[in-house]
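J.: please find the sequence and the predicted model below.
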Amino acid sequence: MKLLRDVAALDLDQRDGAVAIGNFDGVHLGHARIVERLIAQARRVGGPAVVFTFDPHPVRVLRPEAAPPPLTWTDRKAQLLSALGVDSIIAYPTDEELLKLTDRQFFDSIVRGQLAARAMVEGPNFYFGRDRTGTIEVLRKFTAAAGMALEVVEPVIVGGEIVSSSRVRTLVAAGRIDDARALLTQPYRIRGMVTHGAGRGARIGFPTANISAIDTLLPGSGVYAGRATLQGGPWPAAINIGGNPTFGEQALKVEVHLIGFVGQLYGQPLEVDFLSRLRDVRPFPGIDELKAQLAGDVAAARDIVEAWPVPEGSGEKGKRSGE
């Protein structure tokens, strides 16, 4: 899979294929259905399966105050799309020049000109061009006149509701990570840098990595089971998002206990997958009660992570289990 940030960098073998255009934030089950049909159309026309997305989301340029927090960063989005079988991903720099293009100009210049697309696959709520004047019906007219195939993919329904990035965002923000995970192609992930904390966890036998500079949506307050990834492999993790009410601290923190890990992490990047919610954040009568609960959290988190396969190429099984 190739991740490109400039359409001009497209090789000849990346043109003349099938194209899907959209934000693909979170890469959920609805996106997976689009990609499945995209690959089928690419095989039909004998070309590559190409996803054209935007970096940043156009709303961040047009109305930054109204922009929703992203679910994925660009490289992570590319990883998820690649896992679904996409050949090339174009993360087009969103600027005023792009946003000024009319629907006709966008189609002629980018879809037909730079991408040389022979087929397109989109969802029913796709819009393109200045002021979002390009609807699916407009696109249908453009592709028909150009002799291109257009496949409109119906949304995926789970639990009686459409799977969408906004629905995933609502669930993640509410801390309903299990429900969100059921709508995603892979568990929800955040990334950040490990910074110095108070060191209280280490003093009671549960050292944590404090994460800052997180650039995607943060799950709601709670204690979670997950997997932390750093250089050297993945580690099972118990994650606390919220304050430390037992010690009278209400400030929001992201603290990750890497089960079985020994060493220093300060200044290192850390990525964390959320697999399941364990409990709410709450105060305890004393240190002993807190330590007993943390021991239970760690054991539960280890069991949950053991039930999940280790991502390919991420390290030995022993590192997953903390053995």
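T.: Perfect, I can see it now.
J.: so what's the residue lying closest to Arg189 once chain neighbours are set aside bridging to?
T.: Spatial nearest neighbour of Arg189, chain neighbours left out: Asp273 (5.0 Å); criterion: Cβ to Cβ, 6 or more residues apart in numbering. In this view, the C-beta of every residue, glycine as well, is placed from N, C-alpha and C. Under DSSP bridges, the beta-bridge partners of Asp273 are Arg189, Arg227.
J.: might one say that Asp273 is in contact with Tyr224?
T.: No - counting by Cβ atoms under 8 Å, Asp273 stays clear of Tyr224, with 9.7 Å between them.
J.: neighbour count winner among these two?
T.: Neighbours per residue (other Cβ atoms under 10 Å) separate Asp273 from Tyr224, with Tyr224 holding more: 26 against 23.
J.: please identify which helix or strand holds the more buried one.
T.: strand 222-230 (DSSP states H and E).
J.: with Ile241 instead?
T.: If you go by DSSP H and E, Ile241 is part of strand 233-244.
J.: tell me what angle that strand forms with strand 222-230.
T.: Using axes from the mean of the first three to the mean of the last three Cα atoms, to 10 degrees, the inter-axis angle of strand 233-244 relative to strand 222-230 is 150 degrees.
J.: and the next element down the chain from strand 233-244?
T.: Next along the chain after strand 233-244, taking DSSP H and E as the criterion, comes strand 249-258.
J.: contacts only, for Met1.
T.: Taking Cβ atoms under 8 Å, 6 or more residues apart in numbering, we find Met1 in contact with Ala78, Leu81, Ser82, Val86, Asp87, Ser88, Ile89.
J.: and the third one, how far from Gln186?
T.: Translated: Ser82. 11 Å (Cβ to Cβ, to the nearest Å).
J.: now find how far off-centre the strand holding Ile241 is within its chain.
T.: Relative to the centre of its chain, strand 233-244 is centred 18 Å away, using Cα atoms, centre = their mean, to the nearest Å.
J.: each with direction, which strands does that strand pair with?
T.: Short version: by DSSP bridges, strand 233-244 pairs with strand 222-230 (antiparallel), strand 249-258 (antiparallel).
J.: residues of the longest one that come out buried?
T.: Neighbour counts using 16 or more other Cβ atoms under 10 Å place Lys253, Val254, Glu255, Val256, His257, Leu258 of strand 249-258 among the buried residues.
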